[in-house]
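Undergrad: Requesting a structural model of the entry that follows:
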Amino acid sequence: MMTRVVMPKSKLGELVGGWIENYRVAAPVINSGKLVFEEIKEFSDMVLDDELTYKSPKEYLFPQVEKIMSFGENEARIQVQDRKTVIFGVRPCDLHAFEVMTAVFTKGKFIDTYFEKNLNNTIFAGMGCLAEKSGCFCSDRGLNRNYSSACDIFFSDSGETYTVEIHTEKGAELFSGLEFQEAASPAAIPENAASGGILEIDADENDLFSKIDWAKISEKCMGCGICTFICPTCHCFEFRDTVEGGEPARYRCWDSCMYPRFTLHASGHNPRASKKERYRQRIMHKYLYVKHNFGYTACTGCGRCIRSCPAGMNIKSVVAGIIGELGREVF
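TA: Purely as a prediction, here's the structure:
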């Protein structure tokens, strides 16, 4: 389905207020000086500007710490989240990241039922970026920062009004019982300035192993893992077992391929014992393995890792350098 309505900006508070009565609503707010997605209780809690949040909203589908089951004397109880959630103000780079995460967790050989349940209970309200952010390179990844259809509803800024595209039945739920003027024609969606090409690594895995100086590339890397925790597509995790109220419980927690013990075997052997091996895995996983297995490159060009890296690592420059070393044209 596709419906377009025109909504005065003055009506947004009324609209979101109605959502808060019926859903958990997550939106950008300021917390400890950073713009992040959090549950809001009032429309006034929301920050409406053109900034990109410090972290993506991926933890609403893939929580940083998630209780997945507990164990009684003769039973295992599965933990599920049944509460419907609206995530408002999701930018095109993060909407594309959810497409990547959905492919990884639900389109492969195994389906992650926890992610799938959260996905089915979530309504995505997208919104475009008006200006490019420092470190962003979404256009070099083939994304339009102004628009995405990978959501349930999408808000386009039209000055005094929003043009709202309703893409799904879930999105239509959010406007149930409300009257808005139907848009006569699609809003004009500006494209990003063309970069001349898409930043992709099209190479044989063996060439990347043998022809690239990974030690030099990763020399500055501190191995802190911040890039993996704020990345909208990173999805490494581990399980933690604990005891709560006398009963065992199992949690799934985020992990990072940049940590030395991430691949440590019980035997003591570690196939990625050095920093260069771990950084190589990060780049190849994003730009080679996920694309091979699921059809997506697991980098949206959001620039979060570039802005937050304490050592000044720049994944765009790294990938462009790799393409150049392999003798291929960069853009």
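Undergrad: for this structure, what's the longest helix?
TA: Looking across the chain with DSSP state H, the single longest helix is helix 92-106.
Undergrad: Please pull up the helix or strand immediately following that helix.
TA: Sequence order places helix 113-120 as the next helix or strand after helix 92-106, per DSSP states H and E.
Undergrad: How about stretch 56-67, which residues are buried there?
TA: 56-63, 66-67 (16 or more other Cβ atoms under 10 Å). Quick note: C-beta positions are derived from backbone N, CA and C, even for glycine.
Undergrad: With secondary structure and pLDDT added, can I get these in TSV?
TA: Formatted as TSV, the buried residues of stretch 56-67 follow (DSSP: H, G, I helix; E, B strand; the rest coil; pLDDT from 0 to 100):
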residue	secondary structure	pLDDT
Ser56	coil	95
Pro57	helix	97
Lys58	helix	97
Glu59	helix	96
Tyr60	helix	96
Leu61	coil	96
Phe62	coil	97
Pro63	coil	96
Glu66	strand	94
Lys67	strand	94
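Undergrad: can I get these in JSON lines with distance to Tyr296?
TA: Formatted as JSON lines, these follow (distance: Cβ to Cβ, whole Å):
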{"residue": "Ser56", "distance to Tyr296": "15"}
{"residue": "Pro57", "distance to Tyr296": "18"}
{"residue": "Lys58", "distance to Tyr296": "14"}
{"residue": "Glu59", "distance to Tyr296": "20"}
{"residue": "Tyr60", "distance to Tyr296": "20"}
{"residue": "Leu61", "distance to Tyr296": "16"}
{"residue": "Phe62", "distance to Tyr296": "16"}
{"residue": "Pro63", "distance to Tyr296": "22"}
{"residue": "Glu66", "distance to Tyr296": "23"}
{"residue": "Lys67", "distance to Tyr296": "29"}
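Undergrad: tell me the SS of the closest residue to Thr233 other than its chain neighbours?
TA: Take Thr233 and drop its neighbours on the chain: the residue closest to it by Cβ to Cβ, 6 or more residues apart in numbering is Ala298, 4.2 Å away. Three-state assignment for Ala298 (DSSP: H, G, I helix; E, B strand; the rest coil): coil.
Undergrad: can you pull the contacts of Ala298?
TA: By Cβ atoms under 8 Å, 6 or more residues apart in numbering, Ala298 lies in contact with 100, 104, 233-234, 285-287, 290-291.
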